[in-house]
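Trainee: The following block contains a protein sequence and its predicted model.
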Amino acid sequence: MALTDSASPDAPTGQPQLMRTIGLGQMVFYSAGSMLGAGIYGLIGKAAGELGSAVWLGFLLAMVAALLTGLSYASLGSRYPRAGGAAYVTHRAYGRGLLTHVLGLAVAGSGLTSIAAGSWVIGLNLQRIPFLSETPVVVLTVAYLFLMAGIVFRGIRESMWANVVCSVVEAAGLALIIVVGAKYWGSVDMFQTPATPSGGSLLAIPPLLMVQGAVLTFFSFVGFEDTLNVAEEVKSPRRTLPLGLVLGMSLACILYIGVAVTAVSVIPWRELADAKAPLADVMARAAPWFPGWAFVVITVFAVANSALINYVTASRLLYGMARDGRLPARLARVHPTRRTPHIAILILLVLLIALAMAGDIAELASATVLLLLCVFVVVNASLVVLTLRKDEPKGGFEIPIVIPAAGAVVCLGLLVARIASDDWRAPLIAGVLLASAAALYPFVKPKPTAPTG
């Protein structure tokens, strides 16, 4: 079924519909902005605690895994540009209602845990501003969540422009760190880890340590899956969506490796691991002339951007699944004036406030990655199935079948490695969300439409 630029597929006749306002430039910012946020600004210290000065290798390994799956998403986006993308693709490939339901809610759940992780980064950074230093983190966190909900409700055009502004600010902040910290490059052993204090070479680093570190740094690259869920609001989606996704991922990769090398060069990794606002501390050490409060503001913009994008994605995913009969129909309602799925936005706000209280930054980030790794295994495998199906329509961006196959294998390996680690809290959070999604299935009484194009 060919999509037009004026209507959402399968939209009920006479009902308000989503608007196509997103061009290529905004799509690049949306893709890059979804990655340049809480992961690098809030978690590089945690990653340094696991990988030491070799944290850049964790980012490199995570980048390879992300690129494989990102290319699969780009191809799927050019084939099936519609809201609820991952759930729709899974249903099209397998036709299994329970799998489709759980996977769709897993994507939504990963967005929620990601926003919740970012909310703590926001709260901790805002406390560094003098006039907010006495305000409890929980108050700052909840206020921030209400602000995000208000922007998302206001409209997709407003959300996209807020995304553009935040993306420019956060990319500039990362580039600034690289520029002011480049003079420190070469001053430390870049292969030193907690397991190999003497460092020396890549071969000395335990493979399992690298894989487990890559699972945490993988959180910095998640976000490309968000592109599928705004497909119905993209102009010329079969071309704009994959091109914007690939360009956005490329920008994020360059900045991440540069920042990772710079951070451990400026501040010893043990000290970086204990920092509450690691990149702000790096900036203070490398450029003491730069106002400390200014980088706190940059960090807040960066993390808020990731949250904004995840909020938009989760609301559109619930909207798409509800429209396809896989969730209660009320979630598919679009506000007649703002043209946004307002019921879904409100429900997500309630869940976010509860989830933000459930764990710290690292636990919520790891839970996000676990949920998305499950999703990525299934989505990559779905593209393999659809590619082998002779009567499936082709998209504007086709890739060799070996790419989604490799993406599924790599993501499965990262998933197993993370579950096998000693920390049980993140798998518990992810497991509870998946179990809750499965338990909900009989009660929503899904009445799915046929998986047509």
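Mentor: Perfect, thanks for sending it.
Trainee: Can you name the next helix or strand after the host helix or strand of residue 298?
Mentor: Assigned by DSSP states H and E, residue 298 falls within helix 292-323. Per DSSP H and E, the first helix or strand lying C-terminal to helix 292-323 is helix 342-356.
Trainee: hmm, back to that, quick check: mean pLDDT of the helix holding residue 298?
Mentor: Averaged across helix 292-323, the pLDDT comes to 78.
Trainee: Does anything pack onto it? Which helices or strands?
Mentor: When contacts are defined as 3 or more C-beta pairs under 8 Å, 6 or more residues apart in numbering; DSSP states H and E, helix 292-323 sits against helix 24-35, helix 38-51, helix 85-94, helix 97-126, helix 137-154, helix 156-181, helix 278-286, helix 342-356. All C-beta atoms are positioned from the backbone trio N, CA, C, and that covers glycine.
Trainee: mean confidence score for stretch 58-73?
Mentor: In this model, stretch 58-73 has a mean pLDDT of 85.
Trainee: Touching it from outside, list them.
Mentor: 47, 50-51, 210-211, 213-218, 220-222, 224-225, 227-228, 245-246, 249, 253, 256-257, 260, 376, 379-380, 383, 399, 403-404, 406-407, 410-411, 414 (C-beta atoms under 8 Å, 6 or more residues apart in numbering).
Trainee: In ChimeraX, how would I select the buried members of the residues you listed?
Mentor: If you want just the buried ones from the contacts of stretch 58-73 in ChimeraX, going by 16 or more other C-beta atoms under 10 Å, the selection is:
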select :47,50,51,210,211,213,214,215,216,217,218,220,221,222,224,225,227,228,245,246,249,253,256,257,260,376,379,380,383,399,403,404,406,407,410,411,414
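Trainee: how close does residue 257 sit to residue 64?
Mentor: Distance, residue 257 to residue 64, by C-beta to C-beta, to the nearest Å: 12 Å.
Trainee: do residue 314 as well
Mentor: From residue 314 over to residue 64 the distance is 27 Å, taken as C-beta to C-beta.
Trainee: Of the two, which one has the most company?
Mentor: More neighbours surround residue 314 than the other of residue 314 and residue 64, with 29 against 14 (other C-beta atoms under 10 Å).
Trainee: tell me the angle of the helix holding residue 298 relative to helix 38-51?
Mentor: Relative orientation of helix 292-323 versus helix 38-51 (axes from the mean of the first three to the mean of the last three C-alpha atoms, to 10 degrees): 110 degrees.
Trainee: So which bits of helix 292-323 are buried?
Mentor: Neighbour count says helix 292-323 has 295-323 buried, by 16+ other C-beta under 10 Å.
Trainee: Also stretch 168-182?
Mentor: Using 16+ other C-beta under 10 Å as the test for burial, stretch 168-182 gives 169, 170, 171, 173, 174, 176, 177, 178, 180, 181.
Trainee: Of all those residues, the one with the weakest confidence?
Mentor: Comparing those by pLDDT, residue 170 comes last, at 80.
Trainee: Just give the nearest non-adjacent residue to that one, would you?
Mentor: Computed as C-beta to C-beta, 6 or more residues apart in numbering, the closest residue to residue 170 that is not its neighbour in sequence is residue 302, at 3.3 Å.
Trainee: and the gap between the one you found and residue 173?
Mentor: 6 Å.
Trainee: got the contact list for the residue lying closest to residue 31 once chain neighbours are set aside?
Mentor: Nearest non-adjacent residue to residue 31, counting by C-beta to C-beta, 6+ apart: residue 248, 2.7 Å away. Taking C-beta under 8 Å, 6+ apart, we find residue 248 in contact with 27, 28, 29, 30, 31, 32, 33, 34, 35, 224.
Trainee: Where does residue 248 sit, in terms of helix or strand?
Mentor: helix 237-266.
Trainee: next SSE after that helix?
Mentor: Downstream of helix 237-266, the next assigned helix or strand under DSSP H and E is helix 269-273.
Trainee: Quick check: which helices or strands does that following helix pack against?
Mentor: Under the contact criterion of 3+ C-beta pairs under 8 Å, 6+ apart, helix 269-273 touches helix 38-51, helix 278-286.
Trainee: What average pLDDT does it get?
Mentor: The pLDDT scores in helix 269-273 average 86.
Trainee: of the buried residues of stretch 168-182, closest to residue 337?
Mentor: residue 169 (29.4 Å; C-beta to C-beta).
Trainee: Ranking helices and strands of the chain by mean pLDDT, which lands last?
Mentor: Ranked by mean pLDDT, DSSP states H and E, the weakest helix or strand in the chain is helix 207-217, scoring a mean of 71.
Trainee: and the angle for it with helix 237-266?
Mentor: Following the same axes, to 10 degrees, one obtains 120 degrees for the angle between helix 207-217 and helix 237-266.
Trainee: circling back to that earlier point, could I get the buried residue list for the helix holding residue 248?
Mentor: In helix 237-266, counting by 16+ other C-beta under 10 Å, buried: 237-249, 251-253, 255-266.
Trainee: Check stretch 267-284 too.
Mentor: Neighbour counts over stretch 267-284 (16+ other C-beta under 10 Å) mark 267, 269, 272-273, 275, 277-284 as buried.
Trainee: and the end-to-end length of it?
Mentor: The first and final residues of stretch 267-284 sit 10 Å from each other (C-alpha to C-alpha, to the nearest Å).
Trainee: contact partners of that stretch?
Mentor: 40-42, 44-46, 48-49, 51-53, 55, 124-125, 128, 173, 176-177, 180-181, 188, 192, 259, 262-264, 266, 285, 290, 292, 295-296, 299.
Trainee: before we move on, back to that, shared neighbours of residue 302 and residue 173, which are they?
Mentor: residue 41.
Trainee: Only the C-alpha atoms, please, for stretch 65-74, written as CSV.
Mentor: Extracted as CSV, the C-alpha positions of stretch 65-74 are listed here (Å, rounded to 0.1, in the frame of the first residue of the first chain):
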residue,chain,number,x,y,z
ALA,A,65,26.8,-3.4,16.8
ALA,A,66,24.7,-0.3,16.5
LEU,A,67,25.6,0.3,12.8
LEU,A,68,24.6,-3.2,11.8
THR,A,69,21.2,-2.8,13.3
GLY,A,70,20.9,0.8,12.3
LEU,A,71,21.3,-0.2,8.6
SER,A,72,18.5,-2.7,9.1
TYR,A,73,16.2,0.0,10.5
ALA,A,74,17.1,2.3,7.6
